[in-house]
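1. Fold the following, please.
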Amino acid sequence: MEIFIDSANVEEIKEILSWGIADGCTTNPKLASAEKGKDFETNTKEILKLVKGPVSIEVTTNDLSEMLKEAEKYASWGQNVVVKLPMGVAGLKATAVLSAKGIKTNVTACMSPAQAILAAKAGATYASLFYSRIGDMGYDAAKVVRDTADLFARSHVKTKIIVGSIRHMMQIIEAGLQGAHVLTIPPKFLIQMTQNPKTDESIAEFLEAWSAYKKK
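-> Numbers count the residues shown, from 1 in each chain. Prediction:
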């Protein structure tokens, strides 16, 4: 399973990359707009240089022709660019066009196995399922991911399932156990994943014993 950093903040991304645990990065217009005072293109190109793996950059329109223009522009920024496209008819059309040109794509905001399989059939490199938002609708997000993973496996689909929209720590392992290929995780949760009071207690105990030994 791969872990992507869900962030457009360069300093956050640098920190997580230094751990050696990240395989890629996902951004979206909301994350990018939160970087106040920073030029979008400059900031994104810096992320592309930092991250060696795939970096998803999302289009900012639902118009097909404008999507394709944005996509071509983003794709020119680096070999690791993945163009993020909205689930929907226009997004699927754009996915088909871009995939035929060898441009990697990520169809985002999928809420069901049906949407994910359409993304795969259109040629998407990735299909992103929004875990918490699926739950917001009253559906079992774990089952949606599991059913999608089973469907992809049975059909020998090459498209990778990304699970995003993580709001709670428990969702991370839960989503991974359902067969997600990639989890895209906000930095605050990646930091929390390193922490456990028993870990701190155990390490403190070992260091205390060593300190006492050295004083003898």
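2. Pro187 and Ala8 touch, don't they?
-> No. Using CB atoms under 8 Å, Pro187 is not in contact with Ala8, being 10.9 Å away. Where you see a C-beta, it was placed from the backbone N, CA and C, and this is true even at glycine.
3. The helix or strand hosting Lys30 - contacts with which helices or strands?
-> Under the criterion of DSSP states H and E, Lys30 resides in helix 29-33. Applying 3 or more CB pairs under 8 Å, 6 or more residues apart in numbering; DSSP states H and E, one finds that helix 29-33 contacts helix 40-50.
4. would you put the C-alpha positions of the helix it packs on in PDB?
-> Provided in PDB are the C-alpha atoms of helix 40-50 (Å, rounded to 0.1, in the frame of the first residue of the first chain):
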ATOM      1  CA  PHE A  40      -0.200  28.700  -7.400                       C
ATOM      2  CA  GLU A  41       2.100  27.700 -10.300                       C
ATOM      3  CA  THR A  42       5.300  28.500  -8.400                       C
ATOM      4  CA  ASN A  43       4.100  26.700  -5.300                       C
ATOM      5  CA  THR A  44       3.000  23.600  -7.300                       C
ATOM      6  CA  LYS A  45       6.200  23.400  -9.200                       C
ATOM      7  CA  GLU A  46       8.200  23.500  -6.000                       C
ATOM      8  CA  ILE A  47       6.100  20.500  -4.700                       C
ATOM      9  CA  LEU A  48       6.800  18.700  -8.000                       C
ATOM     10  CA  LYS A  49      10.500  19.100  -7.500                       C
ATOM     11  CA  LEU A  50      10.300  17.900  -3.900                       C
END
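5. Fine, thanks again, bye for now.
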